[in-house]
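Enquirer: sharing a model that was predicted from the sequence below.
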Amino acid sequence: MIKSQLQEWVDVCFGKGVEQGFWSNASAGCYALEEPRHEGQGDYACNAAMVIAGKEKKATGKKVNPRQVAEQFVTLLQENSDLVEKVEIAGPGFINFFLQPVVWSQVLSVTMAEDGSFGFATVKNGKRVLVEFVSANPTGPLSIGHGRQAVLGDAIARLLESVGYDVEREYYYNDAGRQMRVLGASTRARYLELLGLDGEFPEDGYQGDYISDIAQSIIDEKGDGMKDEEDVMFFKEVAEKAIFNDIAQTLQRMSIRFDHYFNEHTLYDEGHIDDVVSILREKGLVYEQDDATWFKTSAFGQEQDRVIIKSTGEPTYRLPDICYHREKFKRGYDWMVDVFGADHIATVPDVLAGVEALGYNPEMVTVVLHQFVTLLRDGKQVKMSTRKATFITVDELIDEVGVDAVRFFFLMRKADSQLEFDLDVAKEEGKENPVFYVQYGHARICTIFAKAAEKGVEPLTFADADFSLLTLPEELKIMKTIGAFPAMVQAAADDLAPHRIVFYLRELAGQFHSFYSEFRVLDPGDLERSRARLWLMICLSKVLRNGLTLIGVSAPVSM
RNA sequence: GCCCCUAUAGCUCAGUGGAUAGAGCAUUGGAUUCCUAAUCCAUGUGCGCAAGUUCGAUUCUUGCUAGGGGCACCA
């Protein structure tokens, strides 16, 4: 808003420079307004002079001094507006703009007007995007890694919604195949053991306690009625149902919902698997060797070809994965985002090669890979092993630190980074805990509102507030940060990087706490200033709330 | 051997093609008659190494080194 006004003005001046022959049009659109990092460099800095100097040198071969260009530029800027207080040339040729302090209160008007949608797109962009995440097979409770993925995927979906996409969330799973047979066999073995019979526990069976719980539930319902059942199907189905229930509940605790659950089965039932194979075969991208069917991934820049149908006749995971993505394409999305754990990294090139082989554009699929999570307790890494059933589930994590902390912590790092989840910090009720820090900021502001009447300071109407009284650097800084919220949300969405929201919130909360302890919002002796500050605080709380909502964390009114 | 991710302060991590690279924790020392001290203030000579692109590189490219993960007719 403010930036675009300034940008417009700068663009006009650039155009004048072209007209007057100071420089050519070559740099149009190449320069930028940026927010300087350091104090004393103005509110916005423009690098136009350096860009122009570079371009002109390239075109004419003559050396151009950026500072001179900046001088020329500044003379063109002379017709000053209400916007800019002063302009300075600095460093290698930056043009620094110092705005009139009062213009910053514009961001408060916008915040008030847009309220709960401030920072978010109010009109749809008309694009449909599918976000696939979690996609855990129902073989056990969600692990910590799934937890990160669930929160990350959900936050990405929220971000994309906030910038105008029509978002659909999808969970892809497979309840058939070897893994599920093992699950059935494991359950059956536990069932027999609980009955005091000899249960042959599979070598690669699922050892978690949850299997025994499921077995117990079968006993509770059917007694020993199933002890002669040789087929593991029954056990598989009971286990699957129980586990899926459990997963759904965990997701629900985190307020994560899906629009679609896509079962791999569909791909077989509807003949898509055979379809894909025959298409690839027609294209000469599939061949038989050693009784198996191979996909020529080497034709797509990979080192070696991959098996898509085993010699047993069973497809490998690649084939349905490719097939599944074809279905996504057929459903007509404009964009597909896959959120995967780092352990799935190897499948990505295969799937994308498959997509391309089928004639679709693989660039319409964006894969977000997230690295692993390690848990820290007492400063030491918690060792986790599925085999020994010592892994901690998302449920247990939520039990221990609460949903808000789980969500917040999983989003504190960019997906590319390994994430260290410090349980002690997450449980802490103090500033060391960033969740509490931000939430406390919101709650603290709310108490100011509650106290306002008591102190005889009513905000009255926004229109009557005199924002020219807000001239403290701290106040201006808060307004600037609020004003930066929409662009930050957009950037976070563009990069599929929800961690930026988290960092922004910590920054904004920090600015608030700092302001709060140094200055008083409510001063009965200075009603006008108090009112202006009260509105500033109201806007601040709205932005905190909007930001927290974006990452699915609550904004408590009191703590 | 090949592929992916990472390398920034004592620790955990942000960040950017630009002008003086940040935050939290930890350390040390301060702040509460007053809107929640669950807070605030002060305290810091660090972008793994080497070339290249550029007016300008911590940021982009390449190579090297180190750590993590992956390279199944498992998913």
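Expert: Everything's here; your move. Numbers count the residues shown, from 1 in each chain, chains lettered A, B, ... in the order given.

Enquirer: phi, psi for the residue in the stretch 401-550 of chain A positioned nearest to RNA strand B please.
Expert: Closest contact between the stretch 401-550 of chain A and RNA strand B, by CB to the nearest atom of the strand, is at residue A:431 (2.0 Å). For the C-beta atoms, the positions are set from N, CA and C on the backbone; glycine is no exception. Main-chain torsions, residue A:431, degrees, to the nearest 10: phi -70, psi -20.

Enquirer: neighbours of the closest residue to it other than its chain neighbours, how many?
Expert: In space, and not counting its chain neighbours, residue A:431 is closest to residue A:437: 5.1 Å by CB to CB, 6 or more residues apart in numbering. A total of 16 residues lie near residue A:437 under the criterion other CB atoms under 10 Å.

Enquirer: any regions of the stretch 51-200 of chain A where pLDDT drops low?
Expert: A:78-81 (pLDDT under 70).

Enquirer: the residue of it found nearest RNA strand B: neighbour count?
Expert: Closest approach between the stretch 51-200 of chain A and RNA strand B, counting by CB to the nearest atom of the strand: residue A:91, at 2.7 Å. Residue A:91: 14 surrounding residues under other CB under 10 Å.

Enquirer: picking that back up, what's around the residue of the stretch 401-550 of chain A closest to RNA strand B, how many residues?
Expert: With other CB under 10 Å as criterion, residue A:431 counts 12.

Enquirer: per-residue pLDDT, it?
Expert: pLDDT recorded at residue A:431 is 74.

Enquirer: isn't it right up against residue A:438?
Expert: No. Using CB atoms under 8 Å, residue A:431 is not in contact with residue A:438; the gap is 10.2 Å.

Enquirer: coming back round to it: ok, now which ones touch the residue of the stretch 51-200 of chain A closest to RNA strand B?
Expert: Shown in contact with residue A:91 (CB atoms under 8 Å, 6 or more residues apart in numbering): no residues.

Enquirer: same thing with residue A:157?
Expert: A:131, A:133, A:167, A:169.

Enquirer: cutoff 7 Å now
Expert: If you count contacts by CB atoms under 7 Å, 6 or more residues apart in numbering, residue A:157 has them with A:131, A:167, A:169.

Enquirer: kindly report the same for residue A:356.
Expert: Counting by CB under 7 Å, 6+ apart, residue A:356 makes contact with A:300, A:362.

Enquirer: same check on residue A:48?
Expert: By CB under 7 Å, 6+ apart, the contact set of residue A:48 is A:10, A:14, A:27, A:31, A:73, A:95.

Enquirer: lowest-pLDDT helix or strand in chain A?
Expert: Least confident helix or strand, chain A: strand A:380-381 with a mean of 80, by mean pLDDT, DSSP states H and E.

Enquirer: close to RNA strand B, is that strand?
Expert: No. Figure legend: strand A:380-381 not in contact with RNA strand B (CB under 7 Å from any atom of the strand); closest approach 10.3 Å.

Enquirer: can you map out the strands along the stretch 351-500 of chain A?
Expert: Using DSSP state E, counting those that start in this stretch, the strands of the stretch 351-500 of chain A run over residues A:365-370, A:373-377, A:380-381, A:419-422.

Enquirer: no no, the stretch 1-150 of chain A
Expert: So, for the stretch 1-150 of chain A - with DSSP E, counting those that start in this stretch - the strands run A:33-34, A:44-46, A:84-90, A:94-99, A:128-132.

Enquirer: pretty sure the residue nearest to residue A:431 is touching residue A:428, no?
Expert: No. With contact defined as CB atoms under 7 Å, residue A:437 does not reach residue A:428; the gap is 10.1 Å.

Enquirer: quick one: contacts for the closest residue to residue A:219 other than its chain neighbours?
Expert: Leaving aside its chain neighbours, residue A:219 sits nearest to residue A:194 (5.9 Å; criterion: CB to CB, 6+ apart). Neighbouring residues of residue A:194 by CB under 7 Å, 6+ apart: A:212, A:215, A:216, A:219.

Enquirer: doesn't the last one fall inside a strand?
Expert: No. Secondary structure assignment places residue A:219 outside any strand; it is helix (DSSP: H, G, I helix; E, B strand; the rest coil).

Enquirer: now for it: which residues touch it?
Expert: Applying CB under 7 Å, 6+ apart, the residues near residue A:219 are A:191, A:194, A:195.

Enquirer: surely the last one and residue A:224 touch.
Expert: Right, residue A:195. Yes. With contacts counted by CB under 7 Å, residue A:195 reaches residue A:224, the gap being 5.2 Å.

Enquirer: how about the helices in the stretch 51-200 of chain A?
Expert: Using DSSP state H, counting those that start in this stretch, the helices assigned to the stretch 51-200 of chain A run over residues A:66-76, A:106-114, A:144-162, A:178-194.

Enquirer: so which of those helices comes closest to residue A:415?
Expert: The minimum distance between residue A:415 and the helices of the stretch 51-200 of chain A falls on helix A:144-162, with 6.1 Å, by CB to CB.

Enquirer: so the closest one versus strand A:373-377, what angle?
Expert: 120 degrees (axes from the mean of the first three to the mean of the last three CA atoms, to 10 degrees).

Enquirer: quick check: the gap between residue A:410 and residue A:243.
Expert: Between residue A:410 and residue A:243 the computed distance is 22 Å (CB to CB, to the nearest Å).

Enquirer: looking at these two, which is more packed in?
Expert: Neighbours per residue (other CB under 10 Å) separate residue A:410 from residue A:243, with residue A:410 holding more: 28 against 25.

Enquirer: please list the residues of the stretch 251-400 of chain A that sit near RNA strand B.
Expert: Contacts of the stretch 251-400 of chain A with RNA strand B, taken as CB under 7 Å from any atom of the strand, map to A:289-292, A:303, A:306-307, A:310-312, A:314-317, A:342-347, A:349, A:369, A:371-372.

Enquirer: in PyMOL, how would I select just the buried ones from those residues?
Expert: This is the PyMOL syntax for the buried subset of these, where burial follows 16 or more other CB atoms under 10 Å:
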select buried, chain A and resi 292+306+307+315+316+344+347+349+369+371
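
Enquirer: one step back: save the contacts of residue A:48 as CSV, and put in distance to RNA strand B and neighbour count too.
Expert: Output for those, formatted as CSV (distance: CB to the nearest atom of the strand, whole Å; neighbours: other CB atoms under 10 Å):
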residue, distance to RNA strand B, neighbour count
A:10, 14, 21
A:14, 15, 23
A:27, 10, 22
A:31, 8, 21
A:73, 14, 26
A:95, 8, 26
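
Enquirer: now, which of the residues you listed sits nearest residue A:82?
Expert: Once CB to CB is applied, the member of the contacts of residue A:48 that ends up nearest residue A:82 is residue A:10, at 15.6 Å.

Enquirer: quick check: longest helix of chain A.
Expert: Longest helix in chain A by number of residues (criterion: DSSP state H): helix A:527-550.

Enquirer: can you give me the buried ones in that helix?
Expert: A:529-550.

Enquirer: which elements pack onto that helix?
Expert: With contacts taken as 3 or more CB pairs under 7 Å, 6 or more residues apart in numbering; DSSP states H and E, helix A:527-550 sits against helix A:106-114, helix A:144-162, helix A:434-454, helix A:473-494, helix A:499-518.

Enquirer: deepest of those helices, which one?
Expert: helix A:144-162 (a mean of 24; mean count of other CB atoms under 10 Å).

Enquirer: just checking it against RNA strand B, any contact.
Expert: No. Using CB under 7 Å from any atom of the strand, helix A:144-162 stays clear of RNA strand B, with a minimum separation of 10.6 Å.

Enquirer: how far away from the center of its chain is that helix?
Expert: 6 Å (CA atoms, centre = their mean, to the nearest Å).
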